[in-house]
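> following is a predicted model, sequence given first.
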Amino acid sequence: MRFEDLRLNKPLLDAVHSAGYETPTPIQAEAIPLILDGQDVLACAQTGTGKTAAFALPVLQRLGTGQSPSRREGGRPRVRHIRTLVLAPTRELAVQILDSFSTYGRFSGQRYTAVFGGVNKNPQTRALRNGVDILVATPGRLLDHMSDGTVRLDAVDILVLDEADRMLDMGFMPDIRRILKQVPQRRQTLLFSATMPPPIRELSKNILTNPASIEVARVSAPAENVEHWAYRVEKQDKPNLLCSVLEHTPYSKALVFTRTKHGADKVVRNLARAGVSVAAIHGNKSQNARTRALAGFRSGKTSVLVATDIAARGLDIDNISHVINYDLTTEPETYVHRIGRTARAGATGAALSFISSEDYGSLRAIEQLIRAELQPATDIPGYVAPKTPIMRSHDSTRSRGNGDARRPGSRFANKNGARSRPRRSRRGPGNAVSRR
């Protein structure tokens, strides 16, 4: 299937092809025709599957078929009213969504802007007063603008909730309910989520009308082409292990996850002392600092990015070869979201998890969810692992889904792109993923 088969108009097709895309992803192929037909949609697909374009493209087309907001009445320009509202949980995701609308809507004539916290409201207020067709917003900052009288939602035709499960986790549901009271009941509503916990399904029953349900992948299925590795380590030894892994692993970009903001800052300080080019993003960082950190990581100037789960949700950065779970998450589905940052667009990647004795319960839950075991990694140069093995509910350490892998990144591609056989060398992270 090609984008031409999805009934998109020529301006959108030109923009898509200019961006270098020819074939829609499964979520795009299923969602775009339904949205163009005006149906409500409840879509579940893991991160990195092209969800943003799945709603941005048909939204732009539907707005373009309506009455032109620039038509003059009585010699004055028609005031642009917000006709599409997109709610997102984080600043980074809001910016990413806005970038997608800018990319795909370059020939559409629509206006769009984003409002989110952590920055001065005045530029956002000026943009809103000038009139926009599409508004991308985080719930808290949107409510601030509504209180100031700079936002009216009574003309919204299309409401999009993106990453709805993360908004639930972050406690945004009361804010969303307040926003929903200001949006017309007669509207098209699109709800996109990586997972579908019961509260999200209950919310969908209240805000969607006869929705078309889409699920393009098994809920919480792990990203393909990722090798899963477990390092047995005592908590106090994690800093030394991380330095050793990064020193002896050829990586292009490494994304390191910590449980807390304070923990992220400690990891950054430790890596910086070791001479690693590193930055952090988390909720205590200003928006400008987060933007600089992401820009440096995206360009390759910064090779390691340390992040908390909330700050990293929705990141779309190419060539992340390694995801390192410095602190293993207690939520199995969050593990899936984390490792979804690597092995994108057909590439291979590695997920390295540091496992201390307090993590055994979480490890078992993760392995049950992804239906595979994290392979034990040993013989890390410069680091001596504890003699106590990683405890599991059974003795088998064979992977049920990752093939024959005895060290991080034993998969390699030959010149023609075909995957070669794993090398039979000692265990360790030294050849995890070849540097791109």
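Sure, I can see it. Values in this document were obtained by computation on a predicted structure and should not be read as measured data.

> Three-state assignment for residue 230, please.
Three-state assignment for residue 230 (DSSP: H, G, I helix; E, B strand; the rest coil): strand.

> again but with residue 98, I slipped
Going by three-state DSSP: residue 98 is helix.

> tell me how many other residues crowd it.
When counting by other Cβ atoms under 10 Å, one arrives at 22 neighbours for residue 98. Backbone N, C-alpha and C define where each C-beta goes, glycine included.

> what's the neighbour count on the closest residue in space to it that isn't next to it in sequence?
Closest residue to residue 98 apart from its sequence neighbours, by Cβ to Cβ, 6 or more residues apart in numbering: residue 114 at 4.2 Å. Neighbours of residue 114 under the rule other Cβ under 10 Å: 24.

> repeat that for residue 243.
Neighbour tally, residue 243, other Cβ under 10 Å: 18.

> contact partners for the nearest residue to it once chain neighbours are set aside?
Using Cβ to Cβ, 6+ apart and skipping residues adjacent in sequence, the residue nearest residue 243 is residue 274, 4.8 Å away. Shown in contact with residue 274 (Cβ atoms under 8 Å, 6 or more residues apart in numbering): 243, 246, 247.

> among those residues, which one sits closest to residue 24?
Among the contacts of residue 274, residue 246 lies closest to residue 24 (Cβ to Cβ), at 37.0 Å.

> is it true that the closest one touches residue 278?
No - in this structure, residue 246 is not within contact of residue 278 by Cβ atoms under 8 Å, at 9.2 Å.

> who has more neighbours, those two?
Taking neighbours as other Cβ under 10 Å, residue 246 and residue 278 compare with residue 278 leading, 23 against 20.

> tell me the contacts of that one?
Per Cβ under 8 Å, 6+ apart, neighbours of residue 278: 267, 268, 271, 272, 302, 303, 304, 305, 306.

> what would those residues look like in a markdown table with neighbour count?
A markdown table is the format used below for the contacts of residue 278 (neighbours: other Cβ atoms under 10 Å):
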| residue | neighbour count |
| --- | --- |
| 267 | 24 |
| 268 | 20 |
| 271 | 23 |
| 272 | 13 |
| 302 | 19 |
| 303 | 17 |
| 304 | 23 |
| 305 | 28 |
| 306 | 28 |
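
> dump these into JSON lines; add pLDDT and secondary structure as well.
Listed next are those as JSON lines, based on pLDDT from 0 to 100; DSSP: H, G, I helix; E, B strand; the rest coil:
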{"residue": "267", "pLDDT": "97", "secondary structure": "helix"}
{"residue": "268", "pLDDT": "97", "secondary structure": "helix"}
{"residue": "271", "pLDDT": "97", "secondary structure": "helix"}
{"residue": "272", "pLDDT": "96", "secondary structure": "helix"}
{"residue": "302", "pLDDT": "96", "secondary structure": "coil"}
{"residue": "303", "pLDDT": "96", "secondary structure": "coil"}
{"residue": "304", "pLDDT": "97", "secondary structure": "strand"}
{"residue": "305", "pLDDT": "96", "secondary structure": "strand"}
{"residue": "306", "pLDDT": "96", "secondary structure": "strand"}
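
> ok, back up a step: phi first, then psi, for the residue nearest to residue 243.
phi -80, psi 0 (degrees, to the nearest 10).

> give me the distance between it and residue 244.
As judged by Cβ to Cβ, to the nearest Å, residue 274 and residue 244 stand 10 Å apart.

> residue 136 too?
42 Å.

> what about the closest residue to residue 108 other than its chain neighbours, is that helix, strand or coil?
Nearest non-adjacent residue to residue 108, counting by Cβ to Cβ, 6+ apart: residue 60, 5.1 Å away. Assigned with three-state DSSP, residue 60 falls in the helix class.
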